[in-house]
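>>> The sequence and its predicted three-dimensional model are supplied below.
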Amino acid sequence: MAQNQENAIITSVEQLSAENFRMGFHAPKIAAVAHPGQFVMVRRMGSTDPLLRRPFCIHQVDDDGGLQLYFKVVGRGTKLLSQLTLGEELSILGPLGKGFALVNNRPACLVGGGLGIAPLLFLTRKLAEGADDPSQIRVILGGRSRAEVEPLVADFEQYGVQVFSTTDDGSFVRKGFVTEVLQEQALVADCQVYTCGPEAMMARVFEHCQEKGLACQVSVEKEMACGIGACLGCCKTKADGTYTHVCINGPVYNAEELQWKK
Amino acid sequence: MAQNQENAIITSVEQLSAENFRMGFHAPKIAAVAHPGQFVMVRRMGSTDPLLRRPFCIHQVDDDGGLQLYFKVVGRGTKLLSQLTLGEELSILGPLGKGFALVNNRPACLVGGGLGIAPLLFLTRKLAEGADDPSQIRVILGGRSRAEVEPLVADFEQYGVQVFSTTDDGSFVRKGFVTEVLQEQALVADCQVYTCGPEAMMARVFEHCQEKGLACQVSVEKEMACGIGACLGCCKTKADGTYTHVCINGPVYNAEELQWKK
Amino acid sequence: MEKISEGADLRVDIGSLELQNPIMTASGTFGYAREFSQLVKLQKLGAVVVKGISLRPRPGNPPPRIVETSSGMLNAIGLQNVGVDRFISEKMPYLQEQGLPAVVNILGDSLEEYRDIAQKLRGVKGIAAIEVNISCPNVKKGGVAFGTNPEMAARVTRTVKDAADVPVMVKLSPNVTDITEIARAVEAGGADSLSMINTLIGMGIDIKTRRPSLANIIGGLSGPAIKPVALRMVYQVAKVVSVPIIGIGGISSLEDVIEFLLAGASAVQIGTANFVDPAISSDLVEQLADYVQAEGLSSVRELIGALEA
Amino acid sequence: MEKISEGADLRVDIGSLELQNPIMTASGTFGYAREFSQLVKLQKLGAVVVKGISLRPRPGNPPPRIVETSSGMLNAIGLQNVGVDRFISEKMPYLQEQGLPAVVNILGDSLEEYRDIAQKLRGVKGIAAIEVNISCPNVKKGGVAFGTNPEMAARVTRTVKDAADVPVMVKLSPNVTDITEIARAVEAGGADSLSMINTLIGMGIDIKTRRPSLANIIGGLSGPAIKPVALRMVYQVAKVVSVPIIGIGGISSLEDVIEFLLAGASAVQIGTANFVDPAISSDLVEQLADYVQAEGLSSVRELIGALEA
Ligand SMILES: Cc1cc2nc3c(=O)[nH]c(=O)nc-3n(C[C@H](O)[C@H](O)[C@H](O)COP(=O)(O)OP(=O)(O)OC[C@H]3O[C@@H](n4cnc5c(N)ncnc54)[C@H](O)[C@@H]3O)c2cc1C
Ligand SMILES: Cc1cc2nc3c(=O)[nH]c(=O)nc-3n(C[C@H](O)[C@H](O)[C@H](O)COP(=O)(O)OP(=O)(O)OC[C@H]3O[C@@H](n4cnc5c(N)ncnc54)[C@H](O)[C@@H]3O)c2cc1C
Ligand SMILES: Cc1cc2nc3c(=O)[nH]c(=O)nc-3n(C[C@H](O)[C@H](O)[C@H](O)COP(=O)(O)O)c2cc1C
Ligand SMILES: Cc1cc2nc3c(=O)[nH]c(=O)nc-3n(C[C@H](O)[C@H](O)[C@H](O)COP(=O)(O)O)c2cc1C
Ligand code: FES
Ligand code: FES
């Protein structure tokens, strides 16, 4: 694990919907070693409030040191982030955590809900690059409405994967939950499922995988202070009742490792 | 006193030197009632650090609701302020305090040092507007070096007043202190002196005025929390040893009212 | 702007005192209300607590008196005030004219001073309650603050209670090992309500001059920085006393107000936030009304102590 | 980047312990140092204080364990740690290899536990000192924290001092009425140095769920928010004890470090700031060296207690 703290310049800002933003940074050291499913912790300098860094999945990296985040404005930190403009500087710490275990050349199904779509783009690219037939990779994108899904579809389709979209309100493609789309896929037993999204959604995806005997990797969230295993703040209960620290043991887990609320 | 709290949009940003900025705002309610020598208190929203508003003299106002501040980056608050860009919004509270007592149609001499130049531009305009012969108004601008003085000269000259410049290091016009220029003016006894700048400079200007029997108004600074007489934080010792509150009784005083360090 | 929800019932009871809503302003941060007359809708406030009043006028501490800290500020105003007599003749009339429920914050060096102030305030129109600042040093006991010793805290409470003709609110100092011990003593001493917290004791240093940032060396820390401590103390005290509590400490938003109510406060005081946004106190009244309505509560009272813990 | 001033003498003495410079990291905020190995220049640090160690492993509190506050954070980690045996076998080797002076923070439920841990640490290579966390509840005394009672604080100090074979640093709790009383008691109990402060007790509430933000309800407040309180306590204690003091609380910049030294601290610990900027501790060593040089000081020791007040 090569961790870095970089002062990264903002190279792009896209507002994908009222609350969702995609931002590009020049963060060559982090981009060079990032793995899908890992995250970074971001901080604006010059003020002690908000104090702590904010964690975000690595949405995408490119070969020129570019790193993208895809985030939603939910509170003060993300609000301030969304107000930054091209050329401004941010401190980025990463890459952090354990990412997805890439299972190449086996059918894959990626299920993202809302902001859970964030880590799946980088993952899709890596899986597609390692696949003989990228069309065997299915990506299910769900969101509350059109704005959470539509702007991202083309980014996934460029890799030649099959993209299925669904929205809670039916404003884009079809009305329904990602799990319904997942059920229809009739996935083969050696298919690897990767999922990220709200806990309740991931719980349902996992339930489906258990029924079908599919391997399921989940990317989870937890409040974090340090991101590097030092504060012991980001603990989550495992299936066996003991604690795991999401920043170093996660954020990606095999779903059966964790305790899921029924 | 009509006080207002306005969310004001930034309409201009000029960087006059490495550390000195001039910023324009659309603050029509405040601009409409402002008087030279009054100040405003400014706050960036969205964070509790820095917490308190920062006080700045009103540098200039125009008839279209425009209000200008001239400030120097000395700490975190002014640093953040300097990083704001066109169109961003700031909360401005004002106008606050008692400004200069305008003595029209008497010779006037305005002495500004460094950032003390800030309130003198608005004052110059008002005095010039009220004067039969603006050329009887002398303005002495001093600073550590060229960058603190030169960019402001034309703004004063536009009102037909006499402008004298001096710099500590001689990098603009002449080398020396404002008091030297003041001494050379051989001001008549009914001349009104207005001064703003570092305490030591104002003390010397006042000393000169006492020697020559000239009336001297000074604009002083003090740490402030509220700006409206509520916190009692901004106290300064008067000549008689009692305290005065700069935000409501000042920032402009007749120099003899205050205690001056020898 | 005028969108205060019609139906919302914001009334709260501080013992025998009913307030139209739980938003008060904190002593020393709102002057004598008049200072804010153009910036806030005074009429909307639940009550106004005035700057601490002593028996005789006090000049206060030399400058510097304030310094900013991270999300907070230190003050060492030194209890500058005009004294109780001039307070009654010069400051009360405005509050009376405006019909603002005034809570008079009082302070003293000795039990006798507290008593004398309370007596002088008897019969003065417009005083809704006396708030007793017990963070002051007891000169006779070597300068130990009344509020740090349960026995002294109880005695000053009793003294004021006996002398006053209005409800007595006692304002607790947070600079103690066990706030519940002091709270219980003050309750036993006859307090009608408790307000908490006063400032934490802090200090700042100017490294350029190598001198303390405040002439008084130490000062009181207030603002958002102290909110977690204040909230914890309100929560702890609410569990052990039966008199109403007024929450104070760093309150700057509707969310903060609700946190204190949930923790067990019946009302709150807005302090340092008045400096940051002079309109905040009446804005919070409006926001609270909207919240109560939006949440479908029959009264703001439903929030008091409603924490699920 | 490598511009640490050659000539600057940063050495300080913590009793018999000489540190190459006064910058340490605070317990619970720096893991066991290894976590920071790629982000900080470990070799530059004066010392590393490890996460608090108990006699037996502890799982810690359920989540949520942390929540941000204005310029601070609350934590209720619940003293999760691997226990002293595994600490020695699993964590110490890295610190030994790196030659990092390790200060071992210890905690217990009883005097016996403190004693047993100190005994187990005897003879372990690389331990520069033991730091005794006395903010823990004394189970036998109904859960009152050792650090809030002068007598108990003195006894736990004496117990560890008698059992340990390295200097003993006692870490004071700020949640007390009179910190100087505790400090004196701990000094009399045999402490070689005092570190201060531990976290203030605070609380947060999530108004959406109406539940406390922390599963443990209350937690420890740290970060820049508490700096003024910490600085005040260091200043007060420095005036009444003769053992060295290590300042802790919200330190996040060179300016903060100097403030604590001026107030009377001989060294400082960097806590929450490590989360904000993982490189800060060694950066501060470099900045301090530059400062000492720029100010023309013959040694950083000239700053200690040099406040003009
Ligand atoms: C490993 C990891 C990866 C993440 N990746 C992304 C991503 O790619 N895109 C994205 O939009 N968001 C992501 N998040 C969530 C993101 O970190 C939070 O939305 C953000 O920290 C909120 O900051 P704020 O200041 O805007 O909100 P706050 O004002 O701090 O809080 C607003 C709300 O957000 C919740 N929240 C605050 N901090 C966190 C946190 N660390 N984790 C989860 N919820 C939090 C609070 O409980 C509250 O309800 C990720 C979180 C983790 C732990
Ligand atoms: C009535 C009044 C009018 C002013 N007008 C102007 C003006 O027109 N242009 C201008 O550039 N500056 C003006 N100042 C000073 C300006 O308010 C401070 O420079 C500013 O508040 C510093 O904020 P900061 O966060 O950048 O500095 P901080 O980080 O807060 O402090 C940096 C340095 O500035 C000093 N300082 C902090 N606050 C104040 C304060 N309120 N007054 C004086 N010094 C302070 C500190 O002691 C410290 O040395 C005025 C001050 C007052 C009281
Ligand atoms: C400038 C200032 C002056 C104060 N004066 C008094 C006072 O006279 N009497 C008193 O009981 N409290 C006084 N306080 C304390 C406040 O009323 C309040 O308890 C404290 O500031 C915490 O609330 P806050 O964080 O909202 O400011 C003062 C506080 C400040 C900041
Ligand atoms: C997440 C976290 C864990 C901590 N764990 C311990 C601990 O195990 N033992 C201890 O004595 N102090 C512990 N502390 C307290 C710190 O060492 C320090 O005293 C306190 O945080 C104040 O310093 P700061 O403001 O710089 O963080 C912890 C603090 C934090 C934030
Ligand atoms: S965030 Fe600090 S241990 Fe995981
Ligand atoms: S700044 Fe508050 S009284 Fe002057």
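Received it, and whenever you're ready, just let me know what you need. Residues are numbered from 1 along each chain as shown, chains lettered A, B, ... in the order given. Ligands and ions are numbered 1, 2, ... in the order given.

>>> residue contacts, C:K161?
Neighbouring residues of C:K161 by CB atoms under 8 Å, 6 or more residues apart in numbering or on different chains: C:168, C:189-192. In short, each C-beta sits where N, CA and C put it, glycine included.

>>> Most neighbours out of those, which is it?
With neighbours taken as other CB atoms under 10 Å in any protein chain shown, the top of the contacts of C:K161 is C:A191, carrying 29 neighbours.

>>> what are the phi and psi angles of it?
Here is the backbone geometry of C:A191 (degrees, to the nearest 10): phi -60, psi 140.

>>> before we move on, back to that, and the contacts of C:K161 as CSV, adding secondary structure and distance to D:P59?
Putting the contacts of C:K161 into CSV (DSSP: H, G, I helix; E, B strand; the rest coil; distance: CB to CB, whole Å) gives the following:
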residue, secondary structure, distance to D:P59
C:V168, strand, 48
C:G189, coil, 44
C:G190, coil, 47
C:A191, coil, 42
C:D192, coil, 45
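
>>> Return the closest of those residues with respect to A:F56.
Among these, C:A191 lies closest to A:F56 (CB to CB), at 49.7 Å.

>>> quick one: the closest residue to that closest one other than its chain neighbours from D:V103, how far?
Nearest residue to C:A191 in three dimensions, chain neighbours excluded: C:V170, at 4.3 Å (CB to CB, 6 or more residues apart in numbering or on different chains). Per CB to CB, to the nearest Å, C:V170 is found 43 Å from D:V103.

>>> ok, which stretches of the stretch 151-262 of chain A are strands?
Ranges of strands within the stretch 151-262 of chain A are A:162-167, A:192-196, A:215-219, A:235-237, A:243-245, A:252-254, based on DSSP state E, counting those that start in this stretch.

>>> deepest of those, which one?
strand A:192-196 (a mean of 27; mean count of other CB atoms under 10 Å in any protein chain shown).

>>> the inter-axis angle of that one versus strand A:215-219?
Taking axes from the mean of the first three to the mean of the last three CA atoms, to 10 degrees, strand A:192-196 and strand A:215-219 form an angle of 20 degrees between their directions.

>>> can you give me the offset of strand A:192-196 from its chain's centre?
Computed by CA atoms, centre = their mean, to the nearest Å, the separation of strand A:192-196 from the middle of its chain amounts to 10 Å.

>>> List the strands paired with that strand, with their directions.
strand A:108-113 (parallel), strand A:215-219 (parallel) (DSSP bridges).

>>> Spatially nearest residue to A:D155, not counting backbone neighbours?
Per CB to CB, 6+ apart, closest to A:D155 is A:L121, 5.7 Å.

>>> If you could redo that for C:I205, that was the one I meant.
Counting by CB to CB, 6+ apart, D:E259 is the residue found nearest to C:I205 once chain neighbours are left out, at 4.2 Å.

>>> how near is the residue nearest to C:A191 to C:V132?
5 Å.

>>> Please apply the same query to A:Q192.
Distance from A:Q192 to C:V132, by CB to CB: 69 Å.

>>> Next, count neighbours for residue 105.
No chain was given, so I picked chain A. Based on other CB under 10 Å, the number of other residues close to A:N105 is 11.

>>> sorry, should have said chain C
Applying other CB under 10 Å, we find 23 other residues in the vicinity of C:N105.

>>> C:N133 is in contact with that one, correct?
Yes: between C:N105 and C:N133 there is a contact at 5.6 Å, judged by CB atoms under 8 Å.

>>> what do those two both touch?
Common neighbours of C:N105 and C:N133 (CB under 8 Å, 6+ apart) are C:27, C:52, C:171.

>>> out of those, who's near chain A?
Restricting those to those within reach of chain A (CB under 8 Å from any CB of the partner chain) leaves nothing.

>>> Who wins on neighbours among these?
Within the shared contacts of C:N105 and C:N133, most neighbours by other CB under 10 Å means C:K171, with 29 neighbours.

>>> Pull up the gap between the closest residue to A:E6 other than its chain neighbours and chain B, please.
For A:E6, ignoring the flanking residues on the chain, the nearest one in space by CB to CB, 6+ apart is A:A27 at 4.9 Å. Applying CB to the nearest CB, to the nearest Å, the value for A:A27 to chain B is 21 Å.

>>> Do me a favour and get the backbone dihedrals for A:A27.
Per degrees, to the nearest 10, the backbone of A:A27 is at phi -140, psi 70.

>>> what's near enough to touch it?
Applying CB under 8 Å, 6+ apart to A:A27 gives the contacts A:6, A:8, A:40, A:65-67, A:92, A:94.

>>> As JSON lines, the residues you listed with pLDDT, neighbour count and secondary structure would be great.
What follows is the contacts of A:A27, written out as JSON lines (pLDDT from 0 to 100; neighbours: other CB atoms under 10 Å in any protein chain shown; DSSP: H, G, I helix; E, B strand; the rest coil):
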{"residue": "A:E6", "pLDDT": "96", "neighbour count": "21", "secondary structure": "strand"}
{"residue": "A:A8", "pLDDT": "97", "neighbour count": "26", "secondary structure": "strand"}
{"residue": "A:V40", "pLDDT": "98", "neighbour count": "28", "secondary structure": "strand"}
{"residue": "A:G65", "pLDDT": "96", "neighbour count": "17", "secondary structure": "coil"}
{"residue": "A:G66", "pLDDT": "97", "neighbour count": "17", "secondary structure": "strand"}
{"residue": "A:L67", "pLDDT": "98", "neighbour count": "28", "secondary structure": "strand"}
{"residue": "A:I92", "pLDDT": "98", "neighbour count": "24", "secondary structure": "strand"}
{"residue": "A:G94", "pLDDT": "96", "neighbour count": "29", "secondary structure": "strand"}
